[in-house]
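Asker: What follows is a predicted protein model with its sequence.
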Amino acid sequence: MLKKLLAAFTALVICGAAFCGCSEKETNNKNDSNNSSSSSRSDESSGDSAAADSSDTGSGTSSDSSSETAAASEPGLTIDGAKVDTKDLVMLTIDGRDIDFDTFRYYYFGTITNLTQTYGATLDTIKETENGFEMLMDTVIRNIMQDYVSYRLADENGIELTDEDKEAAMETYNALLEQAGSEEELASALAESNLTLDVAKKMLEQAKLYEKTSELFVEGGKYATSKDEFRKIVKDTDQYACVRSILIPYECQAEITDATDLEKYDSYSLSEKSTAKKTAFNALDEEKQEEVKKKSEELAKEVLEKIKNGADFEEMLKEYGWDPGMESNPEGYYVTHETSFVPEYLEAVFKLKENEVVDEPVLSDMYGWFIIKRNPVDMDYIDEHIDQMISEYDSPNFQKVYEDTMAAMNIVYSDTYNKLTIDSIS
């Protein structure tokens, strides 16, 4: 019963960090059928040849902290060896809003939970790490700020919770209370996530505020691009491009020696073939790897020369290309300067005119050589996929709004906060 209640509460509370993290995940999921398998991407979405370029948007936010990793303990605060009365104790203020001890404690242990789940870090390992406590506190504060983005956006845009909104949040609380059977049982369940009844009520109201401020980021909202605006933007060749490309990776000329891979290679998907090639390449010493790279470069030049001499680009792509994204996106990749592709790729794309092919293979230190062709934008395709394309286009703008909002927050720390040590909070 306790775990079910915690899961229900977690599902009901939408963290303010969704402006950055959750919305970003949603956009990436929508674009899986468009760009995610591209080897030109500079993120980890494909798992094939994409490289890590993840940005830390904070961890341990409200939706993460219901795990049992950070075991709940009796709430307490010790400063300079003495127990402190935490009733009505303010730890810090953000834009004039008080963060009391119970709220701070919730984020504190939520952050530790996330660090444990993600990195295996515990309070003990944090203690042993140089500046570990300082880094922990920086992350706690960032996580609080993430959830308080909604408040600042609401202030800046004249958004307020109505009596009906507050009543709806209270109805949700009462539903949880009814499920628990009593206030004591609900308090016990919430304590498993280091929550109090008052903090839970506040976070349910905060979820309502998030719902209202999120309207700023959907169609018709202040920060969202309208469909008419987007149709104009996508026709601007300085802003948007449609691309097809042939990837010749470093490892493609490596000879496979693994018996299983040799036996099944012809039946492998392109991704599986790529993995087998990488395995063979990685098994070589440095000198042999350089030889394979040289062969791959020569192949890239040969393929481009064939195209210049009249060979059909698409036929060359089918025969020589190693990017699975080109198979799943026959219409091409639609990219902007902000798309999460490797910079060499984007730079080459926007130097091309429509229907042009690069003069030389484009080298990416991360992957190998790209032979890039820029195609005209297909407005029928745009209209068919306009919602997901606007979502992708707006995502970096939303991220900037989010980061700028956080940067503008005014934080004042209490004397108590400034005296905290890693052994202070229980």
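Answerer: Good, I have the coordinates.

Asker: going forward, measure contacts between C-alpha atoms and count neighbours the same way
Answerer: Noted.

Asker: Show the subsequent helix or strand relative to the worst-scoring helix or strand of the chain on mean pLDDT.
Answerer: When the helices and strands of the chain are compared on mean pLDDT, DSSP states H and E, helix 21-30 comes out lowest with a mean of 39. Using DSSP states H and E, the helix or strand that follows helix 21-30 in sequence is strand 78-79.

Asker: got any ranges where the stretch 1-150 of the chain has weak pLDDT?
Answerer: Counting by pLDDT under 70, the stretch 1-150 of the chain shows low-confidence ranges at 1-72.

Asker: Strands of the stretch 251-400 of the chain, residue ranges please.
Answerer: Using DSSP state E, counting those that start in this stretch, the strands of the stretch 251-400 of the chain run over 333-335, 362-364, 368-375.

Asker: can you tell which of those strands is closest to Ala408?
Answerer: strand 333-335 (30.4 Å; CA to CA).

Asker: And the closest one, what's buried?
Answerer: Neighbour counts over strand 333-335 (16 or more other CA atoms under 10 Å) mark 333-335 as buried.

Asker: related to what we said a few turns ago, with respect to burial, which of the strands of the stretch 251-400 of the chain scores highest?
Answerer: Of all the strands of the stretch 251-400 of the chain, strand 368-375 has the most neighbours on average by mean count of other CA atoms under 10 Å, namely a mean of 24.

Asker: which helices and strands does it pack with?
Answerer: Where contact means 3 or more CA pairs under 8 Å, 6 or more residues apart in numbering; DSSP states H and E, strand 368-375 is packed against strand 241-249, helix 286-308, helix 343-349, strand 362-364.

Asker: export the ones you listed to JSON lines and tack on mean pLDDT and distance to Ser271?
Answerer: Formatted as JSON lines, the helices and strands packed on strand 368-375 follow (pLDDT from 0 to 100; distance: least, CA to CA, whole Å):
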{"stretch": "strand 241-249", "mean pLDDT": "97", "distance to Ser271": "12"}
{"stretch": "helix 286-308", "mean pLDDT": "97", "distance to Ser271": "18"}
{"stretch": "helix 343-349", "mean pLDDT": "97", "distance to Ser271": "20"}
{"stretch": "strand 362-364", "mean pLDDT": "96", "distance to Ser271": "19"}
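
Asker: Could you single out the most deeply buried of the ones you listed?
Answerer: Of all the helices and strands packed on strand 368-375, strand 241-249 carries the top mean neighbour count, a mean of 25, counting by mean count of other CA under 10 Å.

Asker: List of residues touching that strand?
Answerer: With contacts defined as CA atoms under 8 Å, 6 or more residues apart in numbering, strand 241-249 is touched by 39, 234, 296-297, 299-300, 316-317, 320-323, 326, 332-336, 349-350, 367-377.

Asker: Give the pairing partners of it; include direction for each.
Answerer: Sheet pairing of strand 241-249 (DSSP bridges) gives strand 333-335 (antiparallel), strand 368-375 (antiparallel).

Asker: would a markdown table of those with mean pLDDT and distance to Ala207 be doable?
Answerer: Putting these into a markdown table (pLDDT from 0 to 100; distance: least, CA to CA, whole Å) gives the following:
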| stretch | mean pLDDT | distance to Ala207 |
| --- | --- | --- |
| strand 333-335 | 95 | 34 |
| strand 368-375 | 98 | 44 |
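
Asker: what about these, which gets the closest to Ile425?
Answerer: Per CA to CA, nearest to Ile425 of the strands paired with strand 241-249: strand 333-335, 47.9 Å.

Asker: Just give me the neighbour total for the closest residue to Ala280 other than its chain neighbours.
Answerer: For Ala280, ignoring the flanking residues on the chain, the nearest one in space by CA to CA, 6 or more residues apart in numbering is Ile256 at 5.4 Å. Applying other CA atoms under 10 Å, we find 19 residues neighbouring Ile256.

Asker: wait, isn't Ile256 in contact with Lys277?
Answerer: Yes. Taking contacts as CA atoms under 8 Å, Ile256 lies within contact range of Lys277: 6.4 Å.

Asker: would you list every one of the helices in the stretch 51-200 of the chain?
Answerer: Counting by DSSP state H, counting those that start in this stretch, the stretch 51-200 of the chain has these helices, from start to end: 101-119, 123-128, 132-156, 163-180, 183-191, 197-213.

Asker: Out of these, which gets nearest to Thr416?
Answerer: Thr416 sits nearest to helix 101-119 of all the helices of the stretch 51-200 of the chain, at 10.0 Å, using CA to CA.

Asker: what about the residue lying closest to Leu197 once chain neighbours are set aside, distance to Asn194?
Answerer: Excluding its sequence neighbours, the residue lying closest to Leu197 (CA to CA, 6+ apart) is Ala187, at 5.9 Å. Applying CA to CA, to the nearest Å, the value for Ala187 to Asn194 is 10 Å.
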